[in-house]
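J.: everything below, folded, please.
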Amino acid sequence: MRHLVLAALVTLAPVTAHADCALTGLVPKVLSRPDVVLAPDGGLVVGAVSEDRGSLDPGDVAIQNQWRFAGTKQAIEPTITTLAPGLAVYRADLDALELQDDHGGSLAKATRGTAKRTRLAAPRLASLIYEAPLSRRSIQRVAVTLDGEAPSGAIALVLADAKGKPRSWGPVAGTVLYPYQHRDCLTLPNGTASSAKGDRVTLFWIDEHGRASARTRVQIIK
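T.: Down below sits the predicted model:
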């Protein structure tokens, strides 16, 4: 099986979904704002997001090796850099970027600016808690309450181990974020590592240019 639910992340064995739910898959989605003006070192961010009938193919869904940037004479192969499991940035040395799928369909457009942009500061946390709320379905997640609002331009929060290796990520929405979240029937990107109470971790932002912020000091999940 291409993607594994939480138990499979531990045992490396496929898991059958409960009879009363349909296992989701994953699809690649451009997370950068439409027509964003990118930093000189920026690119378009692509994430693997859950979808009811999404792909269960091998590999990281965020990395689409057949996608191209439109060129004046021929399509340009992007440089793809993995930011976290299921999260990647696509770059090319072009002033105007139009990312196209493997059928030539336009996915996103951006222009490259010349002004340098300061990278984001490390996330400011009010709390970092492991939750497993009682529910009809099994749920495990790491809840991050921010000290204030997420900075402008932040589109993903990455949870990494104490040495900085990314384990999982979540989208930026509100003041409580979930950089790790798993529940029954939910498919996680290949390579996602589970997190739990007592783990020593660091966190950092990914901005809409595909750049990582400074990291927090090592934190212990409560």
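J.: contacts only, for the residue sitting furthest away from the middle of the chain.
T.: Of all residues in the chain, Lys73 has its C-alpha farthest from the mean position, at 32.2 Å, by CA atoms, centre = their mean. Listed by CB atoms under 8 Å, 6 or more residues apart in numbering, Lys73 has no contact partners. C-beta: built from backbone N, CA, C; applies to glycine.
J.: for it, give me the pLDDT.
T.: Listed pLDDT for Lys73 reads 89.
J.: what's the answer for Arg112, then?
T.: As predicted, Arg112 sits at a pLDDT of 92.
J.: the one 3 residues further on too?
T.: Per-residue confidence (pLDDT) for Ala115: 89.
J.: same check, this time on Gly59
T.: 88.
J.: what about it, which SS state?
T.: Using DSSP: H, G, I helix; E, B strand; the rest coil, the structure places Gly59 in coil.
J.: name the spans of this structure whose pLDDT lies under the cut-off.
T.: Low-confidence segments of the chain (pLDDT under 70): 1-23, 135-137.
J.: again, 80 this time
T.: 1-23, 53-55, 134-137 (pLDDT under 80).
J.: re earlier: how close does the residue farthest from the centre of the chain sit to Asp184?
T.: 50 Å (CB to CB, to the nearest Å).
J.: Ile220 too?
T.: To Asp184, Ile220 is 27 Å away according to CB to CB.
J.: quick one, which of the two is more surrounded?
T.: Taking other CB atoms under 10 Å, Ile220 and Asp184 do not tie; Asp184 has more neighbours (17 against 11).
J.: please name the residues that touch the most centrally placed residue in the chain.
T.: Nearest residue to the geometric centre of the chain (CA atoms, centre = their mean): Leu87, 3.8 Å. Residues near Leu87 by CB under 8 Å, 6+ apart: 45-48, 62, 156, 158, 166, 169, 189, 206.
J.: can you get me a residue count around Thr79?
T.: Applying other CB under 10 Å, we find 12 residues neighbouring Thr79.
J.: leaving out chain neighbours, which residue sits closest to it?
T.: If the residues on either side of it in the chain are set aside, Thr79 comes closest to Arg91, at 4.7 Å by CB to CB, 6 or more residues apart in numbering.
J.: hmm, back to that, three-state assignment of the residue farthest from the centre of the chain?
T.: Classified using three-state DSSP, Lys73 is coil.
J.: just to revisit the earlier point, which residues does the residue nearest to the centre of the chain bridge with?
T.: Gly47, Ala84 (DSSP bridges).
J.: ok, it to Thr72 distance?
T.: From Leu87 to Thr72 the distance is 30 Å (CB to CB).
J.: same question for Ala156.
T.: In this view, Ala156 and Thr72 are 32 Å apart by CB to CB.
J.: now swap in Lys109 and tell me
T.: 15 Å.
J.: try Ser127
T.: Separation of Ser127 from Thr72 (CB to CB): 51 Å.
J.: quick one: which of those two has more around it?
T.: Ser127 (13 against 7).
J.: what number of residues lie near the nearest residue to that one once chain neighbours are set aside?
T.: Nearest residue to Ser127, sequence neighbours excluded (CB to CB, 6+ apart): Thr145, at 4.4 Å. A total of 13 residues lie near Thr145 under the criterion other CB under 10 Å.
J.: any idea which helix or strand carries Thr145?
T.: In the assignment (DSSP states H and E), Thr145 maps to strand 139-146.
J.: and for Val49?
T.: strand 44-51.
J.: any buried residues in that strand, and which?
T.: Using 16 or more other CB atoms under 10 Å as the test for burial, strand 44-51 gives 44-50.
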